[in-house]
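**Q** predicted model and sequence follow; I will ask about them next.
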Amino acid sequence: KYFVPSTDINVGERLATFHERCPFKVYMKSKPGFYGIKIWVAADAKTSYLLNLQVYLGKVNNKREVNQGQR
């Protein structure tokens, strides 16, 4: 409400390492932890202020989520 982001916004993904049972746990062989919860983050590049955070849930309405980085 009070923060106006700059024109430069970074979008990145993070794998929070997690080894317990979870219906949306993912396997990513390119990450050091391999198994965990995938989190997408949008942040202002100049101030590092977190604008949005989205947890990858796998399927929404029985459709696989795609193009999360673009959204």
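**A** On my side now, so go ahead.
**Q** what about residue 25, distance to residue 51?
**A** 25 Å (CB to CB, to the nearest Å). C-betas here are computed from N, CA, C, even on glycine.
**Q** neighbour count winner among the two?
**A** When neighbours are counted by other CB atoms under 10 Å, residue 25 and residue 51 differ, and residue 25 comes out ahead with 16 against 13.
**Q** would you confirm that that one contacts residue 35?
**A** Yes. Counting by CB atoms under 8 Å, residue 25 touches residue 35, with 6.0 Å between them.
**Q** who touches both of these two?
**A** Shared contacts of residue 25 and residue 35 (CB atoms under 8 Å, 6 or more residues apart in numbering): residue 18.
**Q** okay, and the helix or strand of this protein with the least pLDDT?
**A** Taking mean pLDDT, DSSP states H and E as the measure, the chain has strand 59-60 as its least confident helix or strand, at a mean of 71.
**Q** helix or strand right after it?
**A** Following strand 59-60 in sequence order, the next helix or strand is strand 63-64 (DSSP states H and E).
**Q** how far does that following strand sit from its chain's centre?
**A** Taking the mean of its C-alpha atoms, strand 63-64 sits 16 Å from the chain's own mean (CA atoms, centre = their mean, to the nearest Å).
**Q** distance-wise, check residue 50 relative to residue 40.
**A** To residue 40, residue 50 is 12 Å away according to CB to CB.
**Q** who has more neighbours, those two?
**A** residue 40 (17 against 10).
**Q** avg pLDDT for the helix or strand containing residue 43?
**A** Using DSSP H and E, the element containing residue 43 is strand 35-44. Averaged over strand 35-44, pLDDT sits at 88.
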